[in-house]
Each structure stands twice: as structure tokens, then as C-alpha cells.
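Enquirer: turn this into a model:
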Amino acid sequence: MKLTLRDKLSIVLILLCIVVLSSTFALRCSRSGTVDFNDPASLPPPPKESEYLFDICIDSLNVTTATVESGQTLSSILGGYGLTPTEIHRVTEQCAGKFDLRNVRAGNNYNILTTMDSVQRIQYFVYEQSATEFVTIDLRNETPVVKKGEKPVQIERRIGEAVIESSLWNAATNAGMSGDLASRLSDVYQWSIDFYAIQKGDKFKVIYDERFVDGKSIGAGTIWGAWFDHDGKRFYAIRHEVEEGGKTIAGYYDETGKTLQSAFLKAPLQFTRISSRFSYSRLHPVLRIRRPHLGVDYAAPQGTPVRAIGSGVVTMRQYSGGGGNTIKIRHDVSGYMSGYLHLSRFAKGLKVGSRVKQGEIIGYVGSTGVSTGPHLDFRIWKNGKPIDPLKISDVKGVDIKDKYRPGFELSKRRVLADLNGERLSHADSVALKLATDTLPVVPAANGR
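Expert: Purely as a prediction, here's the structure:
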């Protein structure tokens, strides 16, 4: 085939391009070293990954984070960013049934996502309900789109220990643990240890989950095991889960498999002090006369939640003279009734005939009736006779059943090994992986 002059010129140009490109490549290699395509470090950097916030790509958006101030509403916030009354009305319509606008609370954060141009038109509004929950309002179109979301939570297994100098809460926080871990630990031991009687020098060690969102701790999660030294005795708590009736049932037991749960809580409040004990002859602080005080007074700040010490039915909910706002509960345990006096208010929805569960909040500490200051006057009756709440005999729950004993023993060995800084035997490690009614293996203690 005979080539024309035009064809020959095209071939020459192609060859010249190849020579130029090869020379450029060689020059770059001589300056930066030989390119090894098997070595990622010598390759060009990959394109930058898109950045997401609240499941929204923010590569082309400005993000402004602010805090809801006292008196602010969703309408006032959106109006401040240029939305018209008509647009705000559409937002409130779309929120109906999805997000209660009354839940926008002072102190919580919100985020405004706007365009990067000179107009900075608002595209999204994101309200942070909690450390993990948020509500997104998509404002890009005429009809807003409202949806709820949750941030992923990362879990880290921790082991912490502390010696008590003044209080359980102070001991935990001074040792680098969260305050809510102290609350959870008191819940575990509430039937075994009176935390109003703990002493300086008492100590504890606990295996627990720490929860993180966006790299920041949001508090403690599940407690897997612990020991607590109090009054010369060591109290163990071993969590064990079983599948029963299609449900996972969790409980805490001592090292012998006896449940830590009782029919009654040790006290109806957390982290307060006893200001007056049960007595048949006490000098009344207001009336200045001696008369029986057939209960225990717990000093606590106004508004402190009051919990039902046991399950039962509310038989009284009213203002009762010197006792002020009073609640009485007839418990499921035959013959027992409890009373809660001087409350500031009752829990919402509570009424005579309401069934309450153990630990349920029924009211709040106050100073109604004849009272010198905020406190709870707590009383117990057995078969109609007043008894000292601090001397009530425990009514225990259900211990480990025989069919779950092997799994419990495995859980116990795992917890004790971690608390003592030991390793499980190979056989126990294999058994834990194969067991279907035990908890996940706790990693080696890493402290905190």
C-alpha cells in the first residue's frame, strides 16, 4: 500500500509525540526515582475521600454548629437563618408525627449546613437530641424531608478499680471512670450493699464497657463483672445471660450462683445521706416535741427522683397533712407496704391503682407538709405494723437454675480471671466460644 504525503506527516507527528512523552517520563523518573507500580508510595496520591457528617456529604457545604439558647424554638432558629414564615410552616407540618418540636431543648446542639456561595442558602438543619440521636431536616426542595438518625457507637472493654475516700461517685471519677458507671455499679449491688453506709477504705474493681461516639466517651455501658470490698467482706457480681422463651435474660449473681436481686431495693434514693433514723421517741425538728418517727429521713436536693423499692400497686397518691405529698404502695410480697412523704410532686401519669415496677420513678424529693427542708421520709409497714426500713429482711429473687449451672461456671471463671489479671485455660477459652448461653469473651484487662 502506497502512503500519501499526508499519511507520512501523520506518522512523523505520532512518533514525535511518543519521543516527547518518553523523554518527559524519563526526566521525572530521574528526579524522583524509579516508579515502581508495585510500591504504593511511588504512585500518585488517591483522590480525596468525601467527608460526611450526619450521613450528609459536606464537601461543598459550610457547617455551623451552635447551642439552643433558653427561649429559642425551631421556628426562631430557622427564621434567624433566612427562612420565611411560609417555609417554616412547611417544616412544622412535615415534623408532625416524626419529631415533637417541644423536644428542642436549651443546651442541646444544632447544625446549620449552607451552600458555599455568597448567598449561603441553608440546605440542612440537624438537631442533636442526644449523644447518639439526631434529627435531620432536608431543606433543599420546596417540601422539607424530616428523618431521624443515629450515630454509630464504638464499644471498648475496660477494667477499673478505686479506693473510696468519700463517696462512690468521687472514687470512680477520680480514678478516671465516668460518673454514670458509679450509678450502674450501685444498681448492681443495691440489694447487697447499703451505699449510705460505705466507709473510707472500701474498694472495688469492675469490668465494664465504655461507649464512644465520634471518638468521645458518652459513658459506661454494660457491667460484666465486679468485686466490692465493704465492711470486711468481698461481694462478687457476675453477669450471666441465658436464652429462655425466645428472650435473653440477664442477671447478676455472686460466686456461688445466688442472685444479687432482692424483692426490695436497699433505698429509694441514690447517693444521699440519712438525716434521721427510725425511732419511737424523736425530737421533732419543727414541733420541738418528742414523738415517734416511724421511718427513715433521706436528705437530698429538691427534685431528686424517688424510686419504688419494689413492684406493687399504688394505694395512695395525695396531699396528706404533715406528710405533704404522699405515696403508698402495696407490694407484691405479701403483707408489705411502703410510704414516701414530703414529695415535691408525683411522677407523670401516676395514680391510685397504677402498677409500678421495682426501681420505677414515682415522685421527686421536696419539702411539702411539716418539713424543715428537702428530704424524703421513707416508711415500711409489714402486716400493718411499722418496721425499720434499714432492718428489713431480704426477700431474694431466683438463683441460677441447675440447667444453666455449667454456663454460669464458665462465665464466673472468665470474670474472675479478668479481675485477677489471669488467663483462661485453653479448654475454657474453647468452651466459651462454643457456649450458646454465655457472654462474649472479655479481652485482657487494659486498665484505664
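Enquirer: mind checking pLDDT for residue 371?
Expert: For residue 371, the model assigns a pLDDT of 86.
Enquirer: domains in the protein, by residue range?
Expert: 52-150, 153-261+396-448, 273-391 (automatic domain parsing).
Enquirer: how about those in TSV, adding distance to residue 11 and mean neighbour count?
Expert: (Each C-beta comes from the backbone N, C-alpha and C, glycine too.) Converted to TSV, the domains of the chain look like this (distance: least, Cβ to Cβ, whole Å; neighbours: other Cβ atoms under 10 Å):
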stretch	distance to residue 11	mean neighbour count
domain 52-150	46	14
domain 153-261+396-448	61	16
domain 273-391	89	17
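Enquirer: could you dump those domains into a markdown table with distance to residue 10 added?
Expert: Output for the domains of the chain, formatted as a markdown table (distance: least, Cβ to Cβ, whole Å):
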| stretch | distance to residue 10 |
| --- | --- |
| domain 52-150 | 43 |
| domain 153-261+396-448 | 60 |
| domain 273-391 | 87 |
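Enquirer: so which of those domains gets nearest residue 18?
Expert: Judged by Cβ to Cβ, the one of these that comes nearest to residue 18 is domain 52-150, at 38.2 Å.
Enquirer: poorly predicted segments of the stretch 101-250 of the chain, please.
Expert: The stretch 101-250 of the chain contains residues with pLDDT under 70 at 245, 247.
Enquirer: check what pLDDT the nearest residue to residue 301 once chain neighbours are set aside gets.
Expert: Leaving aside its sequence neighbours, residue 301 sits nearest to residue 374 (Cβ to Cβ, 6 or more residues apart in numbering; 6.2 Å). At residue 374, the pLDDT value in this model is 91.
Enquirer: same thing with residue 357?
Expert: 84.
Enquirer: got it, and residue 262?
Expert: For residue 262, the model assigns a pLDDT of 82.
Enquirer: so who does the closest residue to it other than its chain neighbours touch?
Expert: Excluding its sequence neighbours, the residue lying closest to residue 262 (Cβ to Cβ, 6+ apart) is residue 191, at 3.8 Å. For residue 191, the contact set (Cβ atoms under 8 Å, 6 or more residues apart in numbering) comprises 260, 261, 262, 264, 265, 266, 394.
Enquirer: how about the strands in the stretch 101-250 of the chain?
Expert: Assigned by DSSP state E, counting those that start in this stretch, the stretch 101-250 of the chain shows strands spanning 109-115, 122-128, 133-138, 145-150, 154-163, 203-213, 216-230, 233-244, 247-253.
Enquirer: circling back to that earlier point, how much space between the residue nearest to residue 301 and residue 305?
Expert: To residue 305, residue 374 is 13 Å away according to Cβ to Cβ, to the nearest Å.
Enquirer: need the overlap of contacts for the two.
Expert: residue 365.
Enquirer: could you list the low-pLDDT ranges of the stretch 251-400 of the chain?
Expert: 271-293, 393-395, 397.
Enquirer: so residue 205 makes contact with residue 171?
Expert: No. Look at residue 205 against residue 171 with Cβ atoms under 8 Å: they stay out of range, at 11.6 Å.
Enquirer: in contact with the residue nearest to residue 308 when sequence neighbours are not counted, which residues are there?
Expert: Once flanking residues are discounted, residue 308 sits nearest to residue 356: 4.5 Å by Cβ to Cβ, 6+ apart. Residue 356 makes contact with 308, 311, 312, 313, 314, 329, 350, 362, according to Cβ under 8 Å, 6+ apart.
Enquirer: any idea what the nearest residue to residue 359 once chain neighbours are set aside is bridged to?
Expert: Distances taken as Cβ to Cβ, 6+ apart put residue 307 closest to residue 359, at 5.2 Å, once the chain neighbours are dropped. Going by DSSP bridges, residue 307 is paired in beta bridges with residue 361.
Enquirer: next, work out how far apart residue 307 and residue 330 are.
Expert: For residue 307 relative to residue 330 (Cβ to Cβ), the value is 17 Å.
Enquirer: bridged to the residue nearest to residue 331 when sequence neighbours are not counted, which residues?
Expert: Of all residues not flanking residue 331 in the chain, residue 312 sits nearest, at 3.8 Å (Cβ to Cβ, 6+ apart). Beta bridges link residue 312 to residue 331, residue 356 when assigned by DSSP bridges.
Enquirer: could you do residue 380 as well?
Expert: Beta-bridge partners of residue 380, as defined by DSSP bridges: residue 338, residue 387.
Enquirer: distance check, it against residue 420.
Expert: Residue 380 is 39 Å from residue 420, by Cβ to Cβ.
Enquirer: go on, residue 111?
Expert: For residue 111, the distance to residue 420 - Cβ to Cβ - is 47 Å.
Enquirer: how about residue 179?
Expert: Per Cβ to Cβ, residue 179 is found 27 Å from residue 420.
Enquirer: and for residue 373?
Expert: 46 Å.
Enquirer: residue 382 reaches residue 334, doesn't it?
Expert: No. Residue 382 sits out of contact with residue 334 when judged by Cβ under 8 Å, with a separation of 9.6 Å.
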